[in-house]
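Asker: all I have is the shape, not the residue letters:
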């Protein structure tokens, strides 16, 4: 592939923070494959953090909610076309009622949820959605949900941009100190977006990919390139510790106090309440992640209509 478009270069620059010429070279080398271009940039040490450029925002609300005693919870995403509609009070109440319905009825999937009578109303979830559509006049869709049971603490960021929930394992129960610790951990999940809970959860394939990237970066470094391969492999094994610290929730630095990890923070609270505390599960939804938003070209649309 000899040429790449300006738009492709812009998207890669936006997703990696790398300069225009390096992005262009990577795209040409990758034959226009964005994911491969990101990988090439990372191998050269140019892109410090890979982001999928296809993960663009869609509008709507992510809600994270539990029942009163924090034993059952739900995280749900409901999408609409515009942020204006997402700010509609009736839409907000609909999302809240959907979350409550999930908590109370434990639907198997979205089809089952749509067929369930909504909490706070006399119609099904789908019928209520259709009625709301007639008022708002925008397409609405319940995209996904997850229901949890345990000792659950939710956190919602940015008015529904991100919803997170953690499941704590402790015999102390839902004391104020435990709930505060759980909220701190849910905030951590929302802010740092850890892919994994603990290092044992990291797939072998992901580790192998990271090793390849690290070895490729060393090959680009004149100080490291001449070192024997077995030495470089040992250095890579040492660097994997940093990978775990960045990607595993329990090993991440605590956002409120970066001198301790999340595990160390929970251990400090455990001493206070007299019982061990750990996280057994977490969920994080970000509004619109993975949804490709259509870029409307209104000028072209008007021109096409005039020709017709």
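Answerer: Here it is on my side, so go on. For clarity, every value in this text was computed on a predicted model and none was experimentally measured. Numbering: from 1, shown residues only.
Asker: residue 124 and residue 112 touch, don't they?
Answerer: No: applying CB atoms under 8 Å as the test, residue 124 and residue 112 come out as separate, 10.6 Å apart. In short, each C-beta sits where N, CA and C put it, glycine included.
Asker: per-domain residue ranges of the chain.
Answerer: When the chain is parsed with automatic domain parsing, its domains come out as 1-54, 59-165+280-286.
Asker: show me where the stretch 1-150 of the chain has its helices.
Answerer: 6-16, 20-29, 34-43, 83-86, 89-105, 110-114, 125-136 (DSSP state H, counting those that start in this stretch).
Asker: ranking these by burial, who's on top?
Answerer: Mean neighbours per residue, mean count of other CB atoms under 10 Å, is largest over those for helix 34-43, with a mean of 20.
Asker: contacts only, for residue 107.
Answerer: 101, 113, 116 (CB atoms under 8 Å, 6 or more residues apart in numbering).
Asker: out of the residues you listed, who's nearest residue 246?
Answerer: When the contacts of residue 107 are compared for distance to residue 246 (CB to CB), residue 113 wins out at 35.2 Å.
Asker: quick one, phi psi at the nearest residue to that closest one once chain neighbours are set aside?
Answerer: Once flanking residues are discounted, residue 113 sits nearest to residue 107: 4.0 Å by CB to CB, 6 or more residues apart in numbering. In terms of degrees, to the nearest 10, the main-chain angles of residue 107 are phi -70, psi 150.
Asker: quick one: residue 107 and residue 192, what's the gap?
Answerer: 30 Å (CB to CB, to the nearest Å).
Asker: gap between residue 113 and residue 147?
Answerer: Distance from residue 113 to residue 147, by CB to CB: 10 Å.
Asker: shared neighbours, those two?
Answerer: Counting by CB under 8 Å, 6+ apart, the residues touching both residue 113 and residue 147 are residue 102.
Asker: which residues of this structure score low on pLDDT?
Answerer: Within the chain, the stretches with pLDDT under 70 are 1-2, 17, 45-57, 225, 292-308.
Asker: any idea how many residues pack against residue 256?
Answerer: 11 (other CB atoms under 10 Å).
Asker: surely it and residue 184 touch.
Answerer: Yes: with contacts counted by CB under 8 Å, residue 256 reaches residue 184, the gap being 6.3 Å.
Asker: packing partners for the longest helix belonging to the chain?
Answerer: Counting residues, the longest helix found in the chain (DSSP state H) is helix 229-247. In terms of contacts (3 or more CB pairs under 8 Å, 6 or more residues apart in numbering; DSSP states H and E), helix 229-247 is packed against helix 204-220.
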